[in-house]
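Visitor: Got a predicted structure here, sequence first:
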Amino acid sequence: MKVLVATEKPFSKVAVDQIRGIVEKGGHELATLEKYTDVKELYAAVADADALIVRSDKVTREVIAAAPKLKIVVRAGAGYDNLDLAACTERGIVAMNTPGQNSNAVAELAIGFMIYISRNQFTPGTGSELKGKTLGIQAYGNVGRLVAAHAKSFGMKIMAFDPFVPADRIQADGVEVAASLEDLYAKSDFVSLHIPATNETKNSIGYALLSKMPKGGCLVNTARKEVINEPELVKVLEERQDLKYITDIAASNQAELNEKFGKRVFATPKKMGAETAEANVNAGVAAASQICDFFATGNRKFQVNK
């Protein structure tokens, strides 16, 4: 089988070497397409691929149509909104992600964001400390749990809201369970977002929630920009000059946010959550291993288009 690694933002050489070793040990062939600038290059590369590994690259219906032999696509990372799941299902293609492989990298970035925004983006002026502040975690999955663990070492009080995680599981970590999403925002100096972009969550974080935050509150987004209602974000930042917003995914209106709100907002130039050497290797290796296991045994444990 031919396994294609197609990455506009490439894996490290160390990661590619390890991916190659896993793929070839499994008796398969590895091909790479790196730093491509035109989607037509991707169309051509997938034409004879049996398996596809991507990072944030969009696997659209058109990409799938250009890959008549494709049997499995794996997103090296947790989020998979860049995969057209419906198109995969229609073709009988298995779509997977690699949950947990980037989690610590994203969690550390979330903590770093809190420090950065609390210290005036490392510019002159009096900042504040994390110790004693309340951190609200929206979605208590792999990343959320790690953010909670790291934040405890700073002496923060931790709350969480996740309707899909049993309350006793959250409490077992010494984390308070918020009574509701509104309760989480009303009581948190920082809210750290870890929700996926779904039909239910898109544009769900807006004025109603953000206006409930305490004075000096800050929203930390290492999830997806699509979950933010951007016009309502502008409205609440205009009305509440004490609020702040820091994100790893620049808003569609980021230029407007920067101009209007200065050091109260910050966005990384390009998504950085998984940009560590460790996460780079972990996610790529997991993707290659899952593909080889799928071809060898049919294992679909991490399938997301069931």
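Guide: Yep, that arrived.

Visitor: Show me the strands in the stretch 151-300 of the chain, by range?
Guide: 157-161, 176-177, 190-193, 218-221, 244-247, 265-267 (DSSP state E, counting those that start in this stretch).

Visitor: Not counting the fourth one itself, show me its contacts.
Guide: Residues external to strand 218-221 that are found in contact with it (CB atoms under 8 Å, 6 or more residues apart in numbering): 110, 113-114, 117-118, 189-193, 205, 210, 213, 227-228, 243-249. In this view, the C-beta of every residue, glycine as well, is placed from N, C-alpha and C.

Visitor: and that strand, how far out from the chain's middle?
Guide: 14 Å (CA atoms, centre = their mean, to the nearest Å).

Visitor: Over to the second one?
Guide: Shown here is strand 176-177, whose average C-alpha point lies 23 Å from the average C-alpha point of the whole chain (CA atoms, centre = their mean).

Visitor: strand partners of it, parallel vs antiparallel please.
Guide: strand 157-161 (parallel) (DSSP bridges).

Visitor: Can you name the residues that contact the closest residue to Ser180 other than its chain neighbours?
Guide: Spatial nearest neighbour of Ser180, chain neighbours left out: Phe161 (7.1 Å); criterion: CB to CB, 6 or more residues apart in numbering. Phe161 is in contact with Gly136, Ile137, Gln138, Ala139, Tyr140, Val177, Ala178, Ser180, Leu181, Asp183, Leu184, counting by CB under 8 Å, 6+ apart.

Visitor: Tabulate the residues you listed in CSV, adding columns for pLDDT, distance to Ala255 and neighbour count.
Guide: Shown next, in CSV, are those (pLDDT from 0 to 100; distance: CB to CB, whole Å; neighbours: other CB atoms under 10 Å):
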residue, pLDDT, distance to Ala255, neighbour count
Gly136, 98, 28, 27
Ile137, 98, 29, 29
Gln138, 98, 26, 28
Ala139, 98, 28, 20
Tyr140, 98, 33, 24
Val177, 98, 38, 18
Ala178, 98, 34, 21
Ser180, 98, 34, 10
Leu181, 98, 30, 19
Asp183, 98, 34, 15
Leu184, 98, 30, 24
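
Visitor: Make TSV from the residues you listed and add distance to Asn282 to it.
Guide: Listed next are those as TSV, based on distance: CB to CB, whole Å:
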residue	distance to Asn282
Gly136	28
Ile137	22
Gln138	24
Ala139	21
Tyr140	21
Val177	30
Ala178	31
Ser180	35
Leu181	31
Asp183	35
Leu184	30
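
Visitor: re earlier: any chance of the strands of the stretch 151-300 of the chain in CSV with distance to Asn82 as columns?
Guide: Shown next, in CSV, are the strands of the stretch 151-300 of the chain (distance: least, CB to CB, whole Å):
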stretch, distance to Asn82
strand 157-161, 26
strand 176-177, 32
strand 190-193, 18
strand 218-221, 17
strand 244-247, 18
strand 265-267, 19
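
Visitor: before we move on, back to that, partner residues bridging the residue nearest to Ser180?
Guide: Gln138.

Visitor: what's the distance between it and Val74?
Guide: 30 Å (CB to CB, to the nearest Å).

Visitor: Go ahead and confirm Ala110 touches Thr222.
Guide: Yes - the pair Ala110 / Thr222 is scored as a contact, 5.0 Å apart, by CB atoms under 8 Å.

Visitor: Identify the contacts common to those two.
Guide: Joint contacts of Ala110 and Thr222 (CB under 8 Å, 6+ apart) are Val143, Ser192.
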